[in-house]
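Undergrad: next one to model:
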Amino acid sequence: MKAIAKAWNGLVSLFSQPYKNVLVEDLPKVPDRRTLYVVGEGPYRWFAAMVCPCGCGDLIKLNIRNDSHPYWRVIEQRGIVSLDPSVWKTTGCRSHFFYRKNRIRWCRD
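TA: Coordinates of the predicted model:
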């Protein structure tokens, strides 16, 4: 059964539209639900933000400054972005996922 679920998640991820990645100085008042925003100014980056991909509508903000904890790394290669480690909401919908290569990869808990 796990193999079927893994294969299904892989197919869904493969055929889903990738997220856009946008560098901004300020978050928009109404963030796009399929965009990862990296917020900063000049060479400085403070946090990444996105609307929760589960559909609950919560705004997820992730610290990307390595001088405070916890923090996430933004890995960018030719416009393709990944976050490390996984994102796990501990309140609300409790979504748990990886953001890899502009796509959501859901974790099975």
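Undergrad: show me the residue at the heart of this protein, geometrically.
TA: Tyr99 (4.5 Å; CA atoms, centre = their mean).
Undergrad: OK, contacts around that one?
TA: 19, 36, 50, 81-83, 87, 105 (CB atoms under 8 Å, 6 or more residues apart in numbering). C-betas here are computed from N, CA, C, even on glycine.
Undergrad: can the residues you listed go into CSV with extra columns for pLDDT, distance to Arg65 and neighbour count?
TA: Shown next, in CSV, are the contacts of Tyr99 (pLDDT from 0 to 100; distance: CB to CB, whole Å; neighbours: other CB atoms under 10 Å):
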residue, pLDDT, distance to Arg65, neighbour count
Tyr19, 96, 22, 19
Leu36, 98, 17, 22
Met50, 98, 17, 23
Val81, 96, 17, 20
Ser82, 97, 18, 18
Leu83, 97, 14, 20
Val87, 97, 16, 19
Arg105, 95, 24, 15
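Undergrad: wait, what's in contact with the residue lying closest to Asp58 once chain neighbours are set aside?
TA: Nearest residue to Asp58 in three dimensions, chain neighbours excluded: Cys52, at 4.5 Å (CB to CB, 6 or more residues apart in numbering). Listed by CB under 8 Å, 6+ apart, the contact set of Cys52 reads 58-60, 89, 92-93, 95.
Undergrad: all helices of this protein, in order?
TA: 2-15 (DSSP state H).
Undergrad: lowest confidence element among the helices and strands of it?
TA: helix 2-15 (a mean of 56; mean pLDDT, DSSP states H and E).
Undergrad: among the contacts of Tyr99, name the ones in strands.
TA: Among those, the members falling in strands (DSSP state E) are 36, 50, 81-83, 87, 105.
Undergrad: those residues into CSV, with extra columns for distance to Val24?
TA: CSV is the format used below for the ones in strands among the contacts of Tyr99 (distance: CB to CB, whole Å):
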residue, distance to Val24
Leu36, 11
Met50, 12
Val81, 14
Ser82, 19
Leu83, 16
Val87, 19
Arg105, 24
